[in-house]
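[1] No sequence on hand, only this structure:
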């Protein structure tokens, strides 16, 4: 199998980010919240490769730990959104009738409210923790996954092999997990990369607005917020996490595009 250059580049940088996130405590030269210099926004040096931040902490260490937090939250929220949205979407397609209409109209209602505004309202009245962030982000994004999963499942549900399973007397659980899910994986896997990117941007936006990851924990959006004032003085500390977010988003996008090009929805079914 020949992998395009663009996909290889995406795989390399995506893997690099995940490896750094996993081994952050062993890679980072200093602690996440450790103040290592009396100088704020010190320039790059042999001791501090990216300089220091607004409190005199090593910016490279903050970036590494911030990447770990951002990637963990985005990954966990993406898994939650797909587990919830796909199962409910498949169930709605299999049930049909009033149950499908009720679930779909409820999802339409939730989708009519901008996700960022909805999240800001919820997070302003509950304690903001990593767990709460994952749950809020995952459930809000599950509405998008629901629409995709339901649309794919409606087409699969009328296939001959599904009808044959129904005639054999198979239950809904069998239909969903043994007939629909295997044939819906291709579009869902491709969409998962795009939703992961959205989660990275989502949690970074929330942190920049002050309702995401709370100090002294680090994440890329929070690092941008902490160092934004330095831009006025020509300090580029806030640009490093912005570049990291953009690089990760582009890399995952390249991989997702490659996966999408290699897979076609409903191709032949199980037969």
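    Happy to help now that I have it. All figures in this text were calculated on a predicted structure; none of them were measured in a lab. Numbers count the residues shown, from 1 in each chain.
[2] ok now do the closest residue to residue 130 other than its chain neighbours, which residues does it touch?
    In space, and not counting its chain neighbours, residue 130 is closest to residue 73: 6.3 Å by CB to CB, 6 or more residues apart in numbering. C-betas here are computed from N, CA, C, even on glycine. For residue 73, the contact set (CB atoms under 8 Å, 6 or more residues apart in numbering) comprises 130, 133, 134, 137, 199, 203, 213, 219.
[3] Relative to the whole chain's centre, how far out is the longest helix seen in the chain?
    Ranked by residue count and defined by DSSP state H, the top helix of the chain is helix 59-95. Relative to its chain's centre, helix 59-95 lies at 5 Å (CA atoms, centre = their mean, to the nearest Å).
[4] That one: what's the following helix or strand?
    Sequence order places helix 97-111 as the next helix or strand after helix 59-95, per DSSP states H and E.
[5] Tell me which stretches of the stretch 151-271 of the chain form helices.
    For the stretch 151-271 of the chain, the helices defined by DSSP state H, counting those that start in this stretch cover 160-167, 172-174, 181-208, 220-227, 239-262.
[6] Residue 27 is nearest to which of those helices?
    Across the helices of the stretch 151-271 of the chain, the minimum distance to residue 27, taken as CB to CB, is reached by helix 239-262, at 14.3 Å.
[7] average pLDDT across the closest one?
    Helix 239-262 carries an average pLDDT of 87.
[8] now do stretch 183-198
    Mean predicted lDDT for stretch 183-198 stands at 85.
[9] do the same with stretch 29-48
    pLDDT averaged over stretch 29-48 gives 88.
[10] Okay, now it: how far is its last residue from its first?
    9 Å (CA to CA, to the nearest Å).
[11] Equivalent analysis for stretch 206-223, please.
    12 Å.
[12] try stretch 32-46
    19 Å.
[13] Enumerate the positions of that stretch that are buried.
    Residues 32, 36, 37, 40, 41, 42 are the ones in stretch 32-46 that count as buried (16 or more other CB atoms under 10 Å).
[14] The first one and residue 65 touch, don't they?
    Pointing back at residue 32 there. Yes - counting by CB atoms under 8 Å, residue 32 does reach residue 65; the two are 4.1 Å apart.
[15] what's the first-to-last distance across stretch 169-182?
    19 Å.
[16] Find the centremost residue of this protein, please.
    Centroid-nearest residue in the chain: residue 196, 2.6 Å away (criterion: CA atoms, centre = their mean).
[17] okay, now the residue nearest to that residue when sequence neighbours are not counted: neighbour count?
    Spatial nearest neighbour of residue 196, chain neighbours left out: residue 78 (4.7 Å); criterion: CB to CB, 6+ apart. Neighbour count of residue 78, defined by other CB atoms under 10 Å: 24.
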